[in-house]
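A.B. asks: This is a predicted model, with the sequence first.
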Amino acid sequence: MDRFKTLSLCMIVKNEENHLYRCLNSVKDLVDEIIIVDTGSTDKTIEIAKKFGAIIYHYKWDNSFSNARNFSLSKASKEWILLMDADDEFSSNHKEKFIELLNEEKFHVYFFKTLSYTGNGEGDTITNLNPRLLINNGEYKFFGDIHEQLNHISGDWNSFNHCIRDINIYHYGYLTKVIEEKNKRKRNIEIILNELSKDPESEFHIFNLATEYFANGEIDKALYYYDRVYKNIDVSKGYSPKTIIRKMYCLCYLKRYDEALNTIEDGLKIYPNYTDLEFERGNIYLILKKYTLAIESYKRALELGEPPSNLEFFKGCGTFKPAIELGKLYEMFRDYKKALSYYLQAFKFNQDNYLLLYNIGAMINKSKENKEEVPRVLSSYFNLENSSSSALLGKILIKEKLYDSGEEYIDRAEKLGLQGSILYLLKGQLNFYRKKYDNALEYLNKINEKDDEFKEGIKYISLIYLIKGVKINEDILENIKNKDGVLFSGIKQIEEVLNGGSENYILENKMDEALEILINLYRDILRTGEFEILERAFYALNYIERDSVLYALGKLYYSEGINAMALKEFIRSIRELNYCNEDMIRIMFQCI
């Protein structure tokens, strides 16, 4: 699509060499000029900007984001201005939509969705609405030293000619690594406190201060400041919906669930379409083990669907997220057909989440008496002309212990071009579970130590040595230790008890992680049918000082469909360790 309007990209930056290339590369074909205002970079930021033909201006930092941004706007020469930060990335899927919007010229300011990655980037994205596209007529500027707000130069919001459009920009500035590198929290809190010293009753600054404390893990402080805003909540303010949900999160962190539920109830009275609140109500009921109420809330969230843009906090609270939780609940109650229907619904909403295919595969396997039907039904969700899809299908079938079918699709993937470490790991796993240990080693030893599959590969090599009664090679143990210290301790502890030793390799501060590792290693051995080795390997649990060890062992048997042994371990847990919980009781009834 042709673009009929000219466009300037305006940015303020400082030491953004790790992000700037990604940002500029995502918009280089959309803009006519790039305005970079640098506030004191000492890295390669300027060098990267120049490679994109940017016009560079230097600005002495004065602790005001608005001043720097307004300076950048003053340098723009094109008809429209695109506002971005260096740690943003324009969605490649929305470029055509953006050009169409730019050509229409119905409003002066357009708000887009900013999807911010948090933590290590593997979890949820937090949604915000931010002004991104601005007509260059000199009538708009930013106000406030931090969390700056765009408004009409008159200061009159009624003169602010704007609308919201469903265009996504991804933001990487809230990743833990980035926050720590830039010491953002300390800087932001200092600037906000300075703003509050000028205007102590500014609810906007109070909200932002609460948010910084929340992100910094100071939950009591965050709740105090969110409450100050909440008591006088004004629905006309854009931050009001976030005040409600963040207050609720604070209460949940503090395990004040009744107050959190009351906050949700009040919030839904103000914003009946606030789907995120309904979904979070289901999560609280799940924590409280009120399963019927949780199911009702998740179903209501699905009925509400995705909320309006101004009410969206986390993506998917009205689509795939409640569907996944309903799938898990019905799976827990062994209603596999209902579980399957919700997992399929979740996958329809979010087809990028390939992990859902594992759930779908498990439910198809559990609901089909004729196991020959499982790969046929499951394969309908895969592109079998793609090597990666065929390999994934093979991997799921191996997990479901359908080894012949798994081998068929792995071979298919290989014929379609799959090669390297991922192929060697899959063939190694397949031969391991079939007890063809020498064949398994042949493949596993080919895995490149630089590849992601290496850690999993050396785990299986270690298990083969343990099963065959061969001392594990010191180089292998060193590699495991370097990759995962807890996995190393679990493998060494099993090796120690199999050899009749008594040295303790389990670290006291890693007991829970070590228990999980041991259970997963036992699962692998259990699937080979090497029961004599498994019985002896169980002695490693004596080094786990947790009352829940027999419960964990019982859950392992239950997950593998060995109900009699699961029941036996649960009874032992009650008699010998005096340990029982609601989940154990539920499973025991299902085992009887």
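C.D. replies: Sure, I can see it.

A.B. asks: When you work out contacts or count neighbours from here on, use the C-alpha atoms and nothing else.
C.D. replies: Fine.

A.B. asks: Please identify the helix or strand for K568.
C.D. replies: Counting by DSSP states H and E, the secondary-structure element that holds K568 is helix 563-577.

A.B. asks: Tell me the confidence at the closest residue to S462 other than its chain neighbours?
C.D. replies: Nearest non-adjacent residue to S462, counting by CA to CA, 6 or more residues apart in numbering: I472, 6.2 Å away. Per-residue confidence for I472 comes out at a pLDDT of 94.

A.B. asks: returning to that earlier point: contacts for the helix holding K568 next, please.
C.D. replies: Outside helix 563-577, the residues that touch it by CA atoms under 8 Å, 6 or more residues apart in numbering are 547-551, 553-558, 579-580, 584, 588, 591-592.

A.B. asks: rerun that using 6 Å as the cut-off
C.D. replies: Outside helix 563-577, the residues that touch it by CA atoms under 6 Å, 6 or more residues apart in numbering are D547, L550, Y551, G554, Y557, Y558, Y579, C580, M588, C591.

A.B. asks: Closest to Q493 out of the residues you listed?
C.D. replies: The shortest gap between Q493 and any of the contacts of helix 563-577 belongs to L550, at 17.5 Å (CA to CA).

A.B. asks: Check which helix or strand that closest one maps to.
C.D. replies: Using DSSP H and E, L550 maps to helix 549-559.

A.B. asks: For this protein, just list every one of the strands.
C.D. replies: For the chain, the strands defined by DSSP state E occupy 7-13, 33-38, 55-58, 80-83, 88-90, 109-117, 125-135, 140-143, 149-152, 162-171.

A.B. asks: Now do the first one: distance to the chain's middle.
C.D. replies: Strand 7-13 has its C-alpha centroid displaced from the chain centroid by 30 Å (CA atoms, centre = their mean, to the nearest Å).

A.B. asks: tell me what that strand is packed against?
C.D. replies: Applying 3 or more CA pairs under 6 Å, 6 or more residues apart in numbering; DSSP states H and E, one finds that strand 7-13 contacts strand 33-38, strand 80-83.

A.B. asks: Can I get the longest one in PDB? Just the C-alpha atoms.
C.D. replies: Coordinates of the C-alpha atoms in strand 33-38 are reproduced here as PDB (Å, rounded to 0.1, in the frame of the first residue of the first chain):
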ATOM      1  CA  GLU A  33      13.300  10.900   8.600                       C
ATOM      2  CA  ILE A  34      14.600   9.700  11.900                       C
ATOM      3  CA  ILE A  35      15.100  12.300  14.700                       C
ATOM      4  CA  ILE A  36      17.400  11.000  17.500                       C
ATOM      5  CA  VAL A  37      17.800  13.200  20.600                       C
ATOM      6  CA  ASP A  38      20.700  11.800  22.600                       C
END
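
A.B. asks: Just name whatever secondary elements that strand is in contact with.
C.D. replies: Helices and strands touching strand 33-38, by 3+ CA pairs under 6 Å, 6+ apart, are strand 7-13, strand 55-58.

A.B. asks: Format those strands as a markdown table; extra columns: distance to L293 and mean pLDDT.
C.D. replies: What follows is the helices and strands packed on strand 33-38, written out as a markdown table (distance: least, CA to CA, whole Å; pLDDT from 0 to 100):
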| stretch | distance to L293 | mean pLDDT |
| --- | --- | --- |
| strand 7-13 | 48 | 97 |
| strand 55-58 | 57 | 97 |
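
A.B. asks: how about those strands, which one is nearest S66?
C.D. replies: Taking CA to CA as the measure, the helices and strands packed on strand 33-38 were each checked against S66, and strand 7-13 came out nearest at 10.2 Å.

A.B. asks: What pairs with the closest one, parallel or antiparallel?
C.D. replies: Under the criterion DSSP bridges, strand 7-13 sits next to strand 33-38 (parallel), strand 80-83 (parallel) in its sheet.

A.B. asks: could I get these as CSV with mean neighbour count, distance to N128 and mean pLDDT?
C.D. replies: Shown next, in CSV, are the strands paired with strand 7-13 (neighbours: other CA atoms under 10 Å; distance: least, CA to CA, whole Å; pLDDT from 0 to 100):
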stretch, mean neighbour count, distance to N128, mean pLDDT
strand 33-38, 23, 24, 97
strand 80-83, 22, 15, 97
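
A.B. asks: Out of the ones you listed, which is closest to L344?
C.D. replies: Across the strands paired with strand 7-13, L344 has its closest neighbour in strand 80-83 (38.6 Å, CA to CA).

A.B. asks: need the helices and strands packed on strand 7-13 in CSV with distance to N136, can you?
C.D. replies: Conversion of those to CSV gives the following (distance: least, CA to CA, whole Å):
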stretch, distance to N136
strand 33-38, 13
strand 80-83, 5
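
A.B. asks: neighbouring contacts of stretch 385-404?
C.D. replies: Around stretch 385-404, the neighbours that count as contacts under CA under 6 Å, 6+ apart are Y358, F382, N383, L384, G406, Y409, I410, A413, L416, L418.

A.B. asks: which of the helices and strands packed on strand 33-38 sits most buried?
C.D. replies: strand 7-13 (a mean of 23; mean count of other CA atoms under 10 Å).

A.B. asks: Could I get the CA-only coordinates of that strand as PDB?
C.D. replies: These are the backbone C-alpha positions of strand 7-13, laid out as PDB (Å, rounded to 0.1, in the frame of the first residue of the first chain):
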ATOM      1  CA  LEU A   7       6.400  10.800   8.600                       C
ATOM      2  CA  SER A   8       9.100  11.700  11.100                       C
ATOM      3  CA  LEU A   9      10.300   9.200  13.800                       C
ATOM      4  CA  CYS A  10      11.100  11.100  17.000                       C
ATOM      5  CA  MET A  11      13.000   9.400  19.800                       C
ATOM      6  CA  ILE A  12      15.000  10.300  22.900                       C
ATOM      7  CA  VAL A  13      17.800   7.900  23.800                       C
END
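
A.B. asks: mind checking how far the longest helix anywhere in the chain is from the chain centre?
C.D. replies: Longest helix in the chain, counting residues (DSSP state H): helix 511-528. Here the centre of mass of C-alpha atoms in helix 511-528, compared against the chain's by CA atoms, centre = their mean, lies 24 Å away.

A.B. asks: Can you give me the buried ones in it?
C.D. replies: The neighbour-count check on helix 511-528 (16 or more other CA atoms under 10 Å) flags 511-512, 514-519, 521-528 as buried.

A.B. asks: Extract the CA atoms of stretch 434-447 and return them as PDB.
C.D. replies: Included here for stretch 434-447 are C-alpha records, laid out as PDB according to Å, rounded to 0.1, in the frame of the first residue of the first chain:
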ATOM      1  CA  ARG A 434      12.500 -48.600  24.000                       C
ATOM      2  CA  LYS A 435      15.500 -49.800  26.100                       C
ATOM      3  CA  LYS A 436      17.800 -49.700  23.000                       C
ATOM      4  CA  TYR A 437      20.500 -48.000  25.000                       C
ATOM      5  CA  ASP A 438      23.400 -48.400  22.700                       C
ATOM      6  CA  ASN A 439      21.400 -47.000  19.800                       C
ATOM      7  CA  ALA A 440      20.300 -44.100  22.100                       C
ATOM      8  CA  LEU A 441      24.000 -43.300  23.000                       C
ATOM      9  CA  GLU A 442      24.900 -43.300  19.300                       C
ATOM     10  CA  TYR A 443      22.500 -40.400  18.700                       C
ATOM     11  CA  LEU A 444      22.900 -38.600  22.000                       C
ATOM     12  CA  ASN A 445      26.700 -38.400  21.700                       C
ATOM     13  CA  LYS A 446      26.200 -36.500  18.400                       C
ATOM     14  CA  ILE A 447      24.500 -33.600  20.000                       C
END
